[in-house]
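**Q** no sequence for this one, just the structure:
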């Protein structure tokens, strides 16, 4: 089964706007893909939903429960400093390495510019869905 790490922006987009990011989350909930998440990603999602989108604590807790069904928690075993302009991006890569993910799915231009890291492909939600929903994956 395909193992994936989703960037916080994918969770936020799924929960706030739906669309392709929500299709990824739904695939994880249905057990079609395995999704890994770490505490720093959870905290960033929580913080952004509260501060940027003004979500209530109750609504955030419900969102975290949804994510908890979709994603398997992992603990990073290494510390990376690949992207110095945005340290949060490094936390996503650390999660992916610890989880043995095949893909990082992100909308972040800094991560996407790398293309791959340690054998992990870094792709957009659209790119991942095209591969995942297409033949052979």
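**A** Ah, there it is. Not measured: the values here are computed from a predicted model.

**Q** can you give me the strands in this structure?
**A** For the chain, the strands defined by DSSP state E occupy 3-6, 34-37, 71-73, 103-105, 116-117, 120-123.

**Q** any chance of these in CSV, plus mean pLDDT?
**A** Below are the strands of the chain laid out as CSV (pLDDT from 0 to 100):
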stretch, mean pLDDT
strand 3-6, 98
strand 34-37, 98
strand 71-73, 97
strand 103-105, 98
strand 116-117, 96
strand 120-123, 98
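
**Q** I'd like those strands as a markdown table, with mean neighbour count appended.
**A** Backbone N, C-alpha and C define where each C-beta goes, glycine included. Putting those into a markdown table (neighbours: other Cβ atoms under 10 Å) gives the following:
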| stretch | mean neighbour count |
| --- | --- |
| strand 3-6 | 26 |
| strand 34-37 | 22 |
| strand 71-73 | 17 |
| strand 103-105 | 27 |
| strand 116-117 | 14 |
| strand 120-123 | 21 |
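
**Q** Quick one, which of those strands gets closest to residue 90.
**A** strand 116-117 (10.0 Å; Cβ to Cβ).

**Q** if we can go back for a sec, I'd like the strands of the chain as TSV, with distance to residue 58 appended.
**A** Supplementary listing: the strands of the chain in TSV, determined by distance: least, Cβ to Cβ, whole Å:
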stretch	distance to residue 58
strand 3-6	23
strand 34-37	21
strand 71-73	21
strand 103-105	28
strand 116-117	37
strand 120-123	34
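
**Q** give the contact list for residue 95.
**A** Residue 95 makes contacts with 5, 36-38, 40-41, 74, 76, 101, as judged by Cβ atoms under 8 Å, 6 or more residues apart in numbering.

**Q** And it, how far from residue 14?
**A** Computed as Cβ to Cβ, to the nearest Å, the residue 95 to residue 14 distance reads 17 Å.

**Q** just residue 72 next, same as before
**A** 17 Å.

**Q** thinking again about what came up before, which of the strands of the chain sits closest to residue 48?
**A** Nearest of these to residue 48, taken as Cβ to Cβ: strand 3-6 at 13.7 Å.

**Q** Thanks again, I'm all set now.
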